[in-house]
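**Student:** Can you look at this prediction? I've put the sequence above it.
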Amino acid sequence: MAETSPDQTAENYLQLLNQHEKSLAAYVYALVNDRHDAEDIIQSCKLTMWKQFAQFEPGSHFVAWARRIALHQILNYRRSAKRKPLYSIDPAFIEAVAAEIDREGDTYSARSEALQECLKQLPENQRRLVLLRYYEDHDISSIAQETDRTETAVYKLLSRVRSALNDCVTARLNAPAS
């Protein structure tokens, strides 16, 4: 087996991280109440993952490996977070939620992939509306101004688009594997 150069190792790590960064962030945000704490934990995870990347088995499940590291980071953070007793969560609860997220992870991943494909099929104006609302977090009034529509029209169009996306995702998930 050929040894990889440090540059190749770094490139492999960055590709995998880039591909799965949103999934890792969603996992951490689901298990951590405070946004700033979650961001600190995510940064700590990335650093730990980089330090331990030599132990990662190429071809194995990167997300599962990253989540295991994230769970340890979260539990360590909670142990040291005595300064926030109001948000004290039992580590067993965090582990149980993490296990459930892992079990459901493949379903969410499939839904996410189906959603990405369905978004590509939308007409440009509808895709832009979805991006403004859900990815750029614009409120309805700013979207109405930006798209030259009334707020009521934006609400109705978003409702139709959500319904169409839901139907598309459901159809993709229920389609027989090819």
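**Tutor:** Thanks, I have it.

**Student:** Could you find the closest non-adjacent residue to residue 48?
**Tutor:** residue 69 (5.4 Å; C-beta to C-beta, 6 or more residues apart in numbering). Using the backbone N, CA and C atoms, a C-beta is placed for each residue, glycine as well.

**Student:** Would you quantify the distance from residue 38 to residue 154?
**Tutor:** Going from residue 38 to residue 154 by C-beta to C-beta, to the nearest Å gives 30 Å.

**Student:** So the two - more neighbours on which side?
**Tutor:** Between residue 38 and residue 154, counted using other C-beta atoms under 10 Å, the more crowded position is residue 154 (23 against 19).

**Student:** ok, then the element right after the helix or strand bottoming out on mean pLDDT in the chain?
**Tutor:** For the chain, using mean pLDDT, DSSP states H and E, the weakest element among its helices and strands is helix 91-121, scoring a mean of 71. The C-terminal neighbour of helix 91-121 among helices and strands, as given by DSSP states H and E, is helix 124-130.

**Student:** who's in contact with that following helix?
**Tutor:** Helix 124-130 is contacted from outside by 119, 120, 122, 143, 147, 154, 157, 158, 161, 165, using C-beta atoms under 8 Å, 6 or more residues apart in numbering.

**Student:** buried residues in the helix or strand containing the fourth one?
**Tutor:** Element membership for residue 143, per DSSP H and E: helix 140-147. In terms of neighbour count (16 or more other C-beta atoms under 10 Å), helix 140-147 has its buried residues at 140, 143, 144, 147.
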